[in-house]
Structure formats: C-alpha cells, structure tokens
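Colleague: Fold the following.
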Amino acid sequence: GQIIPERRFVEAINRQAYQYEMGDFPTEWEAWIRKKRNDPPTTEEILKNENYREEMKQKIKEVSEKDKLLQAKEYKEGLVAGPVHTHVKGHASAPYYGKKEPSQDPTSTASTFQPGSWMPPGSASSHNK
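Modeller: The predicted model follows:
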C-alpha cells in the first residue's frame, strides 16, 4: 500500500553530472524536473521561449539607450538636475567627524554640536585644566 513518488532526472551528455551548474538547463526542463509542470517540454516550446527572451533583451537594451539619450537631453536643456557627486570625508557617527583627531573640548558650530572625547591622563595631546 505504499506509493513511490515519480523520480525525474536528466542524463548528462557532454559533461559529468557534477559539472553542471544552475542555468545550464533550459528553465522549462528545470520546471519539469522540480515537478512544477506535468509534461516535459518540447523542442519547439524551448526554441520559442529562447527567441522570446532574446527579443525581450533586445527591447530592454533599446529602451535603456533611448532613456539615456532622453536623460542627457534633459540635463543639457536644464529640465532635470544632473547627478550629484558627493565626497565623504568621514563617517557621521565618528566622534571626530571631519577633524584630524578627537578633542577633549566640545565644539559647536552653528546648529551642530560635537561632544568632547575622553583622553587618558598623561597623553601627549591632553590639556591640564
């Protein structure tokens, strides 16, 4: 009374089975092996789907190129702001952001506040107060 599940496999022709990697088989065969579809794919179906994928890649490439040209035109005409390039000098969470070394004294500039840091007694950069 025990039901044995169907086993599906593909025989390797030009390579050893361990040499195959994900993506070496058409996705239709992968779906059949993993029981996502009931019937194995036909050669015509695989070729039709490959042609469709190639057409989509070509259309995506064409749309991307048109978009780049449109963006360049809009940048040139001033309709859209150009991409901004920022220069990062440090990390904002660092206690001495933008400074060469930490200072014992707190600093305040306009609306920013930088707390002072603790320096061990007797260090070269500590101040006697």
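Colleague: Check for me that residue 86 belongs to a helix.
Modeller: No. Looking at residue 86 with DSSP: H, G, I helix; E, B strand; the rest coil, it is coil, so not inside a helix.
Colleague: how is the chain carved up into domains?
Modeller: Per the TED database, the structural domains of the chain span 7-41, 42-80.
Colleague: Help me confirm that residue 68 is found in a strand?
Modeller: No. Read with three-state DSSP, residue 68 is helix and lies in no strand.
Colleague: separation between it and residue 41?
Modeller: Distance, residue 68 to residue 41, using C-beta to C-beta, to the nearest Å: 37 Å. (Glycine included, C-beta is placed from N, CA and C.)
Colleague: Those two: which has the busier surroundings?
Modeller: Taking other C-beta atoms under 10 Å, residue 68 and residue 41 do not tie; residue 41 has more neighbours (16 against 10).
Colleague: thought the more buried one was touching residue 27?
Modeller: No. The pair residue 41 / residue 27 is not scored as a contact, 9.1 Å apart, by C-beta atoms under 8 Å.
Colleague: give me the number of residues near residue 5?
Modeller: Look at residue 5: counted by other C-beta under 10 Å, it has 6 neighbours.
Colleague: could you pull out the strands for this structure?
Modeller: Using DSSP state E, the strands of the chain run over 107-109, 112-114.
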